[in-house]
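J.: what follows is a predicted structure for the sequence shown.
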Amino acid sequence: MKIIRKVQKQLRKLSREVASLEERVDDLNTQKSEIETQMTLPENFNDVQKSADLQSALAKINDQIIETEETWETKKYGTRRIIINKSLVKSTN
């Protein structure tokens, strides 16, 4: 039983981390959309410096999205492994 509790605790922790990462990706995608909208405005499109700043901000957001999604995949697959292992532990008891 102690093993099952430990596995359940790990699963809850990973599930919270996955949910947090999903929220982070949503927030980053919102920021990305806002930057893309700003890039289409004539006053920003015609201002070389503002356009460059927005392009730089967009690149940073895209990098953060990639990094967060990679972390999400790692945590999500970790959650799946725990679920599989948990079911194996239950079937052997």
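T.: In hand now; what should we look at?
J.: what residues sit buried inside the helix or strand hosting Met39?
T.: Here Met39 sits within helix 2-40, counting by DSSP states H and E. Going by neighbour count (16 or more other C-beta atoms under 10 Å), the buried part of helix 2-40 is 7, 10-11, 14, 17-18, 21, 24-25, 28, 31-32, 35, 38. Glycine gets a C-beta too; all of them are placed from N, C-alpha and C.
J.: again, but for stretch 58-77
T.: By neighbour count on 16+ other C-beta under 10 Å, the buried set for stretch 58-77 is 58, 61, 64-65, 68-69, 72, 75-76.
J.: quick check: which ranges of this structure have low pLDDT?
T.: 1, 80-93 (pLDDT under 70).
J.: do that again at 90, thanks
T.: 1-15, 45-46, 74-93 (pLDDT under 90).
J.: any idea which helix is longest in it?
T.: helix 48-92 (DSSP state H).
J.: list the helices and strands that one packs on?
T.: helix 2-40, helix 42-45 (3 or more C-beta pairs under 8 Å, 6 or more residues apart in numbering; DSSP states H and E).
J.: and Leu54, which of these is closest to it?
T.: The closest of those to Leu54 is helix 2-40. By C-beta to C-beta, the value is 5.0 Å.
J.: now the closest one and helix 48-92, what's the angle there?
T.: Between helix 2-40 and helix 48-92, the angle comes out at 160 degrees (axes from the mean of the first three to the mean of the last three C-alpha atoms, to 10 degrees).
J.: rewinding a little: okay, the helices and strands packed on helix 48-92 in CSV with distance to Asp53 next?
T.: As requested, the helices and strands packed on helix 48-92 are exported to CSV (distance: least, C-beta to C-beta, whole Å):
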stretch, distance to Asp53
helix 2-40, 10
helix 42-45, 9
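J.: select, out of these, the one closest to Ser51.
T.: helix 42-45 (6.1 Å).
J.: just how off-centre is that closest one within its chain?
T.: How far helix 42-45 lies from its chain's middle: 31 Å, per C-alpha atoms, centre = their mean, to the nearest Å.
J.: right, I'll call it a day here.
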